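Engineer: build me a model:
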Amino acid sequence: MKSSISSVVLVNSFPDFSAPGFDIDAYNNFFKTSNSIINASAFDIAYPEHWGCFSIKCALGGEEFYKVQNRVYAVNDNNFLVLNEGQYYSSYIFSKEKVESFTLNFNSAFIQEVSGSYSDEDKILENAPSHKKVNTEFVEKLYHHNNIVSPVLFKIKELAKNFNVNRESITELYYQLIENLFVLHKDVNREMHNIKAAKSSTRKELYKRLHYAKDYIDSCYASQITLRELSLITLMNTAYFLRQYKKYFRITPYQYLMHRRLQKAAELLSNTCSPIAEICTTIGYEDVSSFAKLFKKQYAVSPEVYRKQIS
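Structural biologist: Numbering: from 1, shown residues only. Take a look at the predicted model:
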């Protein structure tokens, strides 16, 4: 018999929040009680702020943007976003090419079952009930695709093409995915130790806030991002934020913004036929000459030569 908390449901279309009579409470209750996969595509779609369950957000063939409070995350082929249960967020896709949105949702009882299997092993073997609630809060940030979580994500996506036949395999992989997330979280905890602070709670909070800023730069690099804006996003004093960012990432926010823009330019030069002037504008520069000088400084060749070398 299937466990109600572990069964997985596939949703192949985006919900229509604007439809007459749309019941947001019933919609939220579905995600509170079910594990689900949302796999849908769109060119242009937007959702207002709403409650969310624990989820892993992926996007293929373009970018899907998520806004959480004053933070912005661009999810694309290179990364995935983790959001905790109870987080409120809005999202949108605005693209010339169709973007495939792929989200895995988890109900809290399922998360507790998996996490409890680590913390209360003796009680499980004794067939005794455990009433201990385990803290399953993950760091909300953009994670690069990796060899811990991503292979399971992509395996689920492949099996979901024939969902009814593969439902039990997908359910098993849901368990494995959460277990692998705990493994990934151990790596995150090790990264937190690089934060210079006396208390572990301070290290964790600084780690989260510094990544709010880094993820914002990664997601909004084409915008004119100011130091003041980043400090507001992290809820830090500007001088303190700048000092901590430089100390942890070994680069200033502005230097990282320049690096991210030029990295994107190199990607566009490699993978598109777009004119250099258009690439310049796309990454947030207005002057082609200044862009070319910065690009040559980072890559030792001009944009034109770089494109020829990789073609």
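Engineer: now the strands for the stretch 201-311 of the chain?
Structural biologist: Listed in chain order, the stretch 201-311 of the chain contains no strands at all (DSSP state E, counting those that start in this stretch).
Engineer: helices along that one, start to end?
Structural biologist: Using DSSP state H, counting those that start in this stretch, the helices of the stretch 201-311 of the chain run over residues 227-234, 238-249, 253-271, 276-282, 288-299, 303-310.
Engineer: repeat for the stretch 51-200 of the chain
Structural biologist: Under DSSP H, counting those that start in this stretch, the stretch 51-200 of the chain gives helices at 108-119, 121-125, 150-159, 163-192, 200-220.
Engineer: pick the most buried one from those.
Structural biologist: Highest mean neighbour count among these (mean count of other Cβ atoms under 10 Å): helix 200-220, with a mean of 19. For glycine as for every other residue, the C-beta is placed from the backbone atoms N, C-alpha and C.
Engineer: residue 173 contacts residue 154, doesn't it?
Structural biologist: No - the criterion here is Cβ atoms under 8 Å, and residue 173 misses it with residue 154 at 10.4 Å.
Engineer: any chance of the helices of the stretch 201-311 of the chain in a markdown table with mean pLDDT, mean neighbour count and distance to residue 107 as columns?
Structural biologist: Listed next are those as a markdown table, based on pLDDT from 0 to 100; neighbours: other Cβ atoms under 10 Å; distance: least, Cβ to Cβ, whole Å:
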| stretch | mean pLDDT | mean neighbour count | distance to residue 107 |
| --- | --- | --- | --- |
| helix 227-234 | 97 | 18 | 30 |
| helix 238-249 | 96 | 16 | 35 |
| helix 253-271 | 96 | 18 | 36 |
| helix 276-282 | 96 | 17 | 40 |
| helix 288-299 | 96 | 15 | 46 |
| helix 303-310 | 94 | 14 | 46 |
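Engineer: quick check: residue 291 vs residue 271, distance?
Structural biologist: Relative to residue 271, residue 291 is positioned 18 Å away (Cβ to Cβ, to the nearest Å).
Engineer: worst-scoring helix or strand of this structure, pLDDT-wise?
Structural biologist: helix 121-125 (a mean of 47; mean pLDDT, DSSP states H and E).
Engineer: return the set of buried residues in stretch 66-78.
Structural biologist: Neighbour counts using 16 or more other Cβ atoms under 10 Å place 66, 68, 71-76 of stretch 66-78 among the buried residues.
Engineer: quick one: which of those is nearest residue 203?
Structural biologist: Within the buried residues of stretch 66-78, the smallest distance to residue 203 is 19.9 Å, found for residue 71 (Cβ to Cβ).
Engineer: ok, the closest one to residue 165 distance?
Structural biologist: Residue 71 is 39 Å from residue 165, by Cβ to Cβ.
Engineer: can you list the domains in this protein?
Structural biologist: 8-190, 193-250, 256-310 (automatic domain parsing).
Engineer: off-centre distance for the first one?
Structural biologist: Chain-centre distance of domain 8-190: 10 Å, with Cα atoms, centre = their mean, to the nearest Å.
Engineer: now do the end-to-end distance for that domain.
Structural biologist: 32 Å (Cα to Cα, to the nearest Å).
Engineer: ok so, going back, which one of the domains of the chain has the lowest average pLDDT?
Structural biologist: Least confidently modelled of these is domain 8-190, at a mean of 91 by mean pLDDT.
Engineer: possible to save the helices of the stretch 51-200 of the chain as CSV with distance to residue 21?
Structural biologist: Formatted as CSV, the helices of the stretch 51-200 of the chain follow (distance: least, Cβ to Cβ, whole Å):
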stretch, distance to residue 21
helix 108-119, 28
helix 121-125, 44
helix 150-159, 32
helix 163-192, 28
helix 200-220, 35
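Engineer: how close does the spatially most central residue of the chain get to residue 207?
Structural biologist: Central residue of the chain (Cα atoms, centre = their mean): residue 81, 1.6 Å from the mean position. Distance of residue 81 to residue 207, computed by Cβ to Cβ: 16 Å.
Engineer: ditto for residue 178
Structural biologist: Separation of residue 178 from residue 207 (Cβ to Cβ) stands at 22 Å.
Engineer: just to check, residue 53 is in contact with residue 30?
Structural biologist: No - look at residue 53 against residue 30 with Cβ under 8 Å: they stay out of range, at 9.3 Å.
Engineer: out of the two, which sits in the more crowded spot?
Structural biologist: Per other Cβ atoms under 10 Å, whichever of residue 53 and residue 30 has more neighbours is residue 53, with 23 against 17.
Engineer: what residues are up against the closest residue to that one other than its chain neighbours?
Structural biologist: The shortest distance from residue 53 to any non-neighbouring residue, by Cβ to Cβ, 6 or more residues apart in numbering, is to residue 31 (4.3 Å). Applying Cβ atoms under 8 Å, 6 or more residues apart in numbering to residue 31 gives the contacts 52-53, 105, 107.
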